[in-house]
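[1] Any chance you could fold what I've pasted below:
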Amino acid sequence: MAGDSKAQQVGDSAALAVLARAGLIAYGVVHLLIGWLALQIAWGAASKSADSSGALGTVADQPFGKILLCLVAVGLVALALWQASETIWGYRNCEGAERVRKQVTSGAKAVFYSALGGSAASVALGLGSWGSQSQQQTTSGVLAWPGGWVIVVVIGLITIGVGVAGVVKGVKKSFSEEIDTSSMSPVARKGVARLGQVGYIAKGVALGVVGGLLSYATLTFEQQKAPGLDGALHAILAQTFGRFLLTAVALGFLAFGLFALLGSRYRRM
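    Next up is the predicted model:
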């Protein structure tokens, strides 16, 4: 019991909250860079992949970039720890299925932030990152398992589900319960809501395309064509009016990045 109490105190500590807010800044910067790289793809000037690996590589190329990436990694790991604490001890004001749903969501976010933080640390140490090639290698490895194609398709469907959830969250503006806007002016409050709405919808669309392409490539036995986020953005570009569609998605990622930066100040923790 004493150990659980101490662990809960760590999860609720002010220091962890400060680090988690720093993690939100890092998370926002990554999305701003993805949006910028997506704009470059849309208008034919990209030199890096428009995903987290490309974004982290862009940071690494800057003066003191590896030091910045170490700070990004620390912030993202802190953000993961905060989400993990929410998974175990959070949402005590909720009951039943609603609390379980929120705890599962926080657990998934903890895993995602941990992976992104690990990728940032890997790039900072010169070990590479979780890019499109490594994703394809992992997918091929899973497909070699008995029934592996089922696992990959399920992962694709889950990714689609996450994308749809993001779109719904943006349309319904349900993200507003996570942000304390009481100190903002009505104009600022409306602007934050618009950033969150556009950002969640655009990111949800991109994730939906990632999941759809992954499932399709698996079911049609074209695993070598199973793309990550960068491949999904190129798939959007290949459509009719793709340049303008991709520009809209890129602006959405920029909006989401700005929303995350604002969340570092106004997020309820």
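
[2] As a check, name the ranges of all helices in this structure.
    In the chain, helices defined by DSSP state H lie at 2-11, 14-42, 52-60, 65-89, 96-124, 132-143, 148-172, 186-219, 229-237, 242-266, listed in chain order.

[3] Look up how far Phe112 lies from the closest residue to Glu98 other than its chain neighbours.
    In space, Glu98 comes closest to Tyr91 once its chain neighbours are excluded; the distance is 7.8 Å by CB to CB, 6 or more residues apart in numbering. (Each C-beta comes from the backbone N, C-alpha and C, glycine too.) The span separating Tyr91 from Phe112 equals 18 Å under the rule CB to CB, to the nearest Å.

[4] Same question for Val150.
    As defined by CB to CB, Val150 lies at a distance of 23 Å from Phe112.

[5] between those two, who's got more neighbours?
    Phe112 (16 against 13; other CB atoms under 10 Å).

[6] Tell me, what's the model's pLDDT at the more buried one?
    Among the per-residue scores, Phe112 holds a pLDDT of 84.

[7] got the contact list for it?
    With contact taken as CB atoms under 8 Å, 6 or more residues apart in numbering, Phe112 is in contact with Ala80.

[8] Against Leu229, how distant is the residue lying closest to Ala38 once chain neighbours are set aside?
    Spatially, and ignoring its direct neighbours in sequence, Ala38 is nearest to Ala250 (3.6 Å; CB to CB, 6+ apart). Distance, Ala250 to Leu229, by CB to CB: 12 Å.

[9] Over to Ala26?
    As for Ala26, its distance to Leu229 is 18 Å (criterion: CB to CB).

[10] Counting neighbours, go ahead and name the busier of those two.
    Relative neighbour count places Ala26 above the other of Ala26 and Leu229, with 27 against 24, counting by other CB under 10 Å.

[11] List the residues that contact the more buried one.
    Counting by CB under 8 Å, 6+ apart, the residues that Ala26 touches are 71-72, 75-76, 79, 120.

[12] In those residues, find the pair that's most separated.
    Of all pairs drawn from those, the one with the longest distance (CB to CB) is Leu71 and Leu79, at 12.6 Å.

[13] The two - which one has more neighbours?
    When neighbours are counted by other CB under 10 Å, Leu71 and Leu79 differ, and Leu79 comes out ahead with 28 against 17.

[14] Make sure the more buried one is actually in contact with Ser106.
    No. In this structure, Leu79 sits apart from Ser106 without contact. The criterion is CB atoms under 8 Å, and the distance is 10.9 Å.

[15] Using CSV, write out the CA atom coordinates for stretch 85-93.
    Once side chains and other backbone atoms are set aside, the C-alpha atoms of stretch 85-93 remain, and they are given as CSV (Å, rounded to 0.1, in the frame of the first residue of the first chain):
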residue,chain,number,x,y,z
SER,A,85,-0.1,7.6,-14.2
GLU,A,86,-3.5,8.6,-15.6
THR,A,87,-4.0,5.1,-16.8
ILE,A,88,-3.5,3.7,-13.3
TRP,A,89,-4.8,6.4,-11.0
GLY,A,90,-6.6,8.9,-13.1
TYR,A,91,-10.2,9.7,-14.0
ARG,A,92,-11.4,9.0,-10.4
ASN,A,93,-14.4,11.3,-11.2
